[in-house]
Each structure stands twice: as C-alpha cells, then as structure tokens.
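> sequence plus the predicted model coming up.
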Amino acid sequence: MYLSIMKGLSTLLLLCSTALLCSAAPAVEPVTCSEDGGAAAARMAAHHIDENHDHGYKFKLSEIKGNKVEKVDDGCEIELQLDLLETTCHNINPTHFEDCMIRFETDRAVMANCSVRMSVRNGDARVRNYHCDTRQGGEMMMICPDCPNLISLHDPDGMKSVKEAVQRFNENTTNQNYFILKDVGRIKIGWMMMTGSNYWAEIALVESHCPMGSRILPEACKPLYPDRARHAYCRSSYSKSKGLRSVECEYYPPMNSTALGDGEREPICRPEDTVGLPPPPAGGVGGPPPPPDQERQRHMPPFHSFHCHGSDAAIHPICPWPRPEPHGPRLNQE
C-alpha cells in the first residue's frame, strides 16, 4: 500500500512496504549431467548472474539457445547459451528475479546473450565463468523512433535531473538520515510540445550516516553498512524548461534490523572504488565524471563492487565473471 506525500501540485513521493514486494525464492532443483538437465543448469546460471550483477536491473531467463554436456570421470562439463531479458526490478529490490516483471519493449527493453560454463563434480554443480553481450532491443527503435529513448547515464542534463530528484526526496520525507545516490538505473529523453525536452530517470538511493538537518554536505555523506541501510528506488520526471516535475519512490527496509548495543554506532561503508555509474566507453562521454560509489549491491558478499565497460553508455552491462581481484570498501565504525 502506498502513502502519498505532496509538495505543491508537482511532486509525489510514494512509500511502500517491502512486504508487498518480497517473495520467497522458488526451490532450486539439482543440476545433473543428464541431457535433459539443461533447464536446471540454466536456472542456476541465471541466479548466479543476478547475484553478481551489481548495478542496474535484475535479468530473467528467456530462452536456452544451447546446452552442451561433456562427460568426465567424476561428472561433466556444461556449456550453455542463454538469452536473458531485463526486468523492472532494480538490484536493490529484494524480490526474487523469477518473480520480477520483464520490461516491455515500449519501455526500451534490454536483453543479454550469455555464454556460461559450468562443472558438475560428484553431484556438486558450480558456475566456472560466463560472458554476456548486453544490448538494447532494436525493434522499438524502428517501430517508434519518436518514442522516449535511453540516453547516456552520464548525460549532463540527465544527471541534473537526478541531483534535483535526490534533493527533493530528502526534502519531503520524515527519514532520520539523509539518503544519497547509489545507482542511476536508466535515463530516458523525449520531446513534448508544451515543455520541450523531458527526462525520466530511475535511480536507487541508500541511507547515509548523516542525520537529517545536519550541516554536512550530501556529497560528504557515507552510506551505512549495506545490510543495515534502508534503500529507496525512485522514478523522476524532469522538464528542461520547467525543472523537476515529480518523484515517485518505494522503500526497502534493511535486511538486518537488529538493535545496536549500548554505545554502539552504525557502521559506515567506505568504498575505495568509484562505481554507481558505469565507466564511460573508450573515447569518453560528455558530462561530469561519475559520482563516487555509495554502496555495493546489498545482497552480495563479499562487499565489493565492479563495473565493466560496455558498448552502450545508456545501460548497465552484465560484467564477465570471474571478476578481477577486489579493492573493496572497508568497514569503519569511528
């Protein structure tokens, strides 16, 4: 159920209970070396990919394009070719990926073709590596070239709309702490006769250590430890001629709500790397540099985040796995 908070006639902040969004993960069937075991292997691979996809949105298995099984003495090697489709669940959303809704083509759908290698030894199945080609669906671009398009996650005007949305969010809540930007999921641009260029952004926010009303600049605020922080997912509408028009958000409570002991302070996550936005592709992208990381994906230990280069600056690519050695955040309780 949503609670609406109005500021004038332009801004609507929606708050919701995660209880309406969460659902139990379906039971995982065992992966075997049988020729008809491709579905179980593909489901395990999709789960592994989503667990390691730190930014943007969860993906859902669409089709198994290939399933090759090579028997070895104590098990087998499996090679999969999978088609995945992007869902509307941001990776901070606790909903299991199989319960998420696939994004409509009219909303500029994103897809991924993944090559996955798995091994099964003595009944123990493991993902060894994968590589995905992530891209926008092309049909809508041909069917409706004038429909709102995805633009670079570094676009200056798009980022201006994001900054104003975060500011408005903090002005219209009763939260005890400021929320700061964790991730820009996507930004769309479209033209409207009365207002000209319009931007629609989808962003993820994380609770910071800065008390509401403090004089600390938001840029200096650090995110709370991932499992202790509340998160928010927001959609904003911004007109280049009229400014920010609306912000709609839903809250996700912390995974760990255990009360702190006497004298304990909330731990702070201090990232070493810059994430939150994917790095610009070779040749650079106009606009300011990406903001510092505000927190890694909240469901994935160890606490480390990684961004890879993609050919499309408007989307978060699925990065190859295994990843480089982490230079992750350190816990600071000072």
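On my side now, so go ahead.

> CA atoms for contacts and neighbours, from now on please.
Will do.

> remind me which residues of this structure are low pLDDT?
Applying pLDDT under 70 to the chain flags residues 1-28, 141, 259-264, 266-306, 325-334.

> please enumerate the strands of it.
For the chain, the strands defined by DSSP state E cover 3-7, 11-15, 57-72, 75-90, 110-121, 124-136, 149-150, 177-192, 196-211, 231-239, 243-252, 268-270, 330-332.

> mind giving me the packing neighbours of the fourth one?
Read it as strand 75-90. helix 38-51, strand 57-72, strand 110-121 (3 or more Cα pairs under 8 Å, 6 or more residues apart in numbering; DSSP states H and E).

> nearest to L224, of the ones you listed?
Checking the helices and strands packed on strand 75-90 against L224 by Cα to Cα gives helix 38-51 as the closest, at 20.7 Å.

> rewinding a little: quick one: the helices and strands packed on strand 75-90 as CSV, columns for distance to D227 and mean neighbour count too.
Listed next are the helices and strands packed on strand 75-90 as CSV, based on distance: least, Cα to Cα, whole Å; neighbours: other Cα atoms under 10 Å:
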stretch, distance to D227, mean neighbour count
helix 38-51, 15, 20
strand 57-72, 19, 18
strand 110-121, 29, 21
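
> of all the ones you listed, which lies closest to N175?
strand 57-72 (25.4 Å).

> that closest one versus strand 75-90: what angle between them?
Per axes from the mean of the first three to the mean of the last three Cα atoms, to 10 degrees, the angle that strand 57-72 makes with strand 75-90 is 180 degrees.

> give me the contacts around strand 57-72.
Under the contact criterion Cα atoms under 8 Å, 6 or more residues apart in numbering, strand 57-72 has outside partners 33-35, 38-39, 42-43, 46, 50, 76-91, 97-98, 100, 102, 185.

> among these, name the buried ones.
Listed as buried from the contacts of strand 57-72 are 33, 38, 42-43, 46, 50, 76-91, 97-98, 100, 102, 185; burial here means 16 or more other Cα atoms under 10 Å.

> would you agree C234 is in contact with A204?
Yes. Between C234 and A204 there is a contact at 6.4 Å, judged by Cα atoms under 8 Å.

> which residues are in contact with L80?
The contact partners of L80, by Cα under 8 Å, 6+ apart, come to A42, I64, K65, G66, N67, K68, C114, S115, V116, R117.

> now E86
Y57, K58, F59, K60, I102, R103, A109, V110, M111, A112.

> what about 10 Å?
Counting by Cα atoms under 10 Å, 6 or more residues apart in numbering, E86 touches 56-62, 97, 100-104, 109-112, 134, 136.

> same check on I78?
I78 touches 32-33, 37-38, 41, 67-71, 116-120, 125-128, counting by Cα under 10 Å, 6+ apart.
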